[in-house]
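**Q** After the sequence you'll find the predicted model.
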Amino acid sequence: MDQAVVAHNGVGTQATPVAGEDLRIFRNLTRSLASDALAALNELEMWCTDARQLEQCHLVRHYLDYLRRLCDGKV
């Protein structure tokens with residue numbers, strides 16, 4: 001238990017330990033979801049018909065890529 005999250009209990013704050021294993025599982029799940037979302041976005045981009053749609057897809061791609069790199073510890 002190397003990290004602690006501070007939770008507000010309505011009266012004061014109480015430190016709740018978070019296991020490193022839980023964080024690792026969360027990061028792996030988030031990385032996997034971001035990768036799957038990027039794959040779906042690749043397919044969706046084929047159906048874009050105008051520049052605004054392509055711009056929105058590019059922006060979403062940027063956000064998902066950042067999220068994936070954050071989970072990999074590369075940010």
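**A** Looks like it came in fine. Residues are numbered from 1 along each chain as shown.

**Q** From now on I want contacts and neighbour counts done on CA atoms only, so please keep to that.
**A** Noted.

**Q** Mind jotting down where the helices sit in this structure?
**A** Assignment of helices within the chain using DSSP state H yields the ranges 20-45, 51-71.

**Q** okay, these in a markdown table with mean pLDDT and mean neighbour count next?
**A** Conversion of the helices of the chain to a markdown table gives the following (pLDDT from 0 to 100; neighbours: other C-alpha atoms under 10 Å):
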| stretch | mean pLDDT | mean neighbour count |
| --- | --- | --- |
| helix 20-45 | 92 | 14 |
| helix 51-71 | 94 | 15 |
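
**Q** didn't residue 64 look like it was pressed against residue 36?
**A** No: the pair formed by residue 64 and residue 36 falls short of the contact definition of C-alpha atoms under 8 Å, at 9.8 Å.

**Q** In this protein, which residue is most central in space?
**A** Relative to the mean C-alpha position of the chain, the nearest C-alpha, by C-alpha atoms, centre = their mean, is the one of residue 67, at 4.2 Å.

**Q** who's in contact with that residue?
**A** 31, 34 (C-alpha atoms under 8 Å, 6 or more residues apart in numbering).

**Q** how close does it get to residue 52?
**A** Residue 67 sits 23 Å away from residue 52, going by C-alpha to C-alpha, to the nearest Å.

**Q** Same check on residue 32?
**A** Distance of residue 32 to residue 52, given as C-alpha to C-alpha: 28 Å.

**Q** try residue 72
**A** Using C-alpha to C-alpha, one obtains 30 Å as the distance from residue 72 to residue 52.

**Q** Likewise for residue 22?
**A** With the distance defined as C-alpha to C-alpha, residue 22 ends up 39 Å from residue 52.

**Q** And for residue 43?
**A** Remark: distance between residue 43 and residue 52 (C-alpha to C-alpha) = 17 Å.
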